[in-house]
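**Q** coords please:
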Amino acid sequence: MKEFGAIDYVDFSPIEPHYFAVTCSVRVQVYNPITKLVVKNLSRFQETAYGGTFRQDGRLLVAGDEQGLVKLFDPSSKNVLRLFKGHRGPVHRAKFTQDLQHIASFSDDRTVKLWDIASEKATLTFAEHEDYIRAGAINPVSPDTLISGGYDGKIKMYDTRTQQIAYSIDHGSPVESLLFLPTGGIFISAGGTEMRVWDAFAGCRLLTKISQHHKTITSLRLGS
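**A** Now for the predicted structure:
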């Protein structure tokens, strides 16, 4: 399939028939994986869209954009259900929390915000990074734990219950992608030509480094 601009992100719906969302230019296109046809075109963006991601139940989709907005879509109707305003820089990644009631957004304004879907308000803001934040992940087992990765080379772990930063660790180069394993006990960071594997439950201890790439690693994904 040919898109008309740089593709920023691809995400599969977790439910059958596993539609996939392709974020490209000023839209998010939802494809049917069997027919390879676009079933929904989410084009309510004035500027570049980023990181279109399905919720765990497949019923909603969130995306950030170049204007610093975070938009919540109903993919079946193409309607924008919520518009979260508050970031002062582009939002490259946004993730749903495990309770399905909140969204975490990661922005070039060096902040991480936690939004309440029902009230459309930001409930928490963390400003711990010194450069763009282009990566983030939610712990799949502990919904109060989230991590962010910045171009300052740092990875921050936050506890949303205490509203405090729990750990700060150094990847050693700008962080492009973060990924928790399904058990929640281990996460992987990618940046520069290296992946690093961390133990989330043992004080974010470095377990190993993996370096098989000759150029910058830009994304991480798990097989089923």
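**Q** could I get stretch 82-90 in PDB with only the CA atoms?
**A** Output of stretch 82-90 as PDB, limited to C-alpha atoms (Å, rounded to 0.1, in the frame of the first residue of the first chain):
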ATOM      1  CA  ARG A  82     -12.100  14.300  23.300                       C
ATOM      2  CA  LEU A  83      -9.600  17.000  22.600                       C
ATOM      3  CA  PHE A  84      -6.900  17.400  25.200                       C
ATOM      4  CA  LYS A  85      -5.100  20.800  25.200                       C
ATOM      5  CA  GLY A  86      -2.200  21.700  27.400                       C
ATOM      6  CA  HIS A  87       1.100  20.700  25.700                       C
ATOM      7  CA  ARG A  88       3.200  23.500  24.300                       C
ATOM      8  CA  GLY A  89       5.100  21.300  21.900                       C
ATOM      9  CA  PRO A  90       4.400  18.400  19.400                       C
END
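**Q** distance from it to the middle of the chain?
**A** 15 Å (CA atoms, centre = their mean, to the nearest Å).
**Q** what does stretch 21-33 give?
**A** Relative to its parent chain, stretch 21-33 has a centroid offset of 16 Å by CA atoms, centre = their mean.
**Q** do stretch 74-85 as well
**A** 17 Å.
**Q** now do stretch 3-13
**A** Computed by CA atoms, centre = their mean, the separation of stretch 3-13 from the middle of its chain amounts to 14 Å.
**Q** run through this structure and note the low-pLDDT ranges.
**A** For the chain, applying pLDDT under 70 flags no range at all.
**Q** hmm, what's the outermost residue in it?
**A** Thr35 (27.3 Å; CA atoms, centre = their mean).
**Q** how about the secondary structure of that residue?
**A** Under the three-state scheme (DSSP: H, G, I helix; E, B strand; the rest coil), Thr35 adopts coil.
**Q** how much space separates it from Pro17?
**A** 10 Å (CB to CB, to the nearest Å). Quick note: C-beta positions are derived from backbone N, CA and C, even for glycine.
**Q** ok, Arg59 next?
**A** 14 Å.
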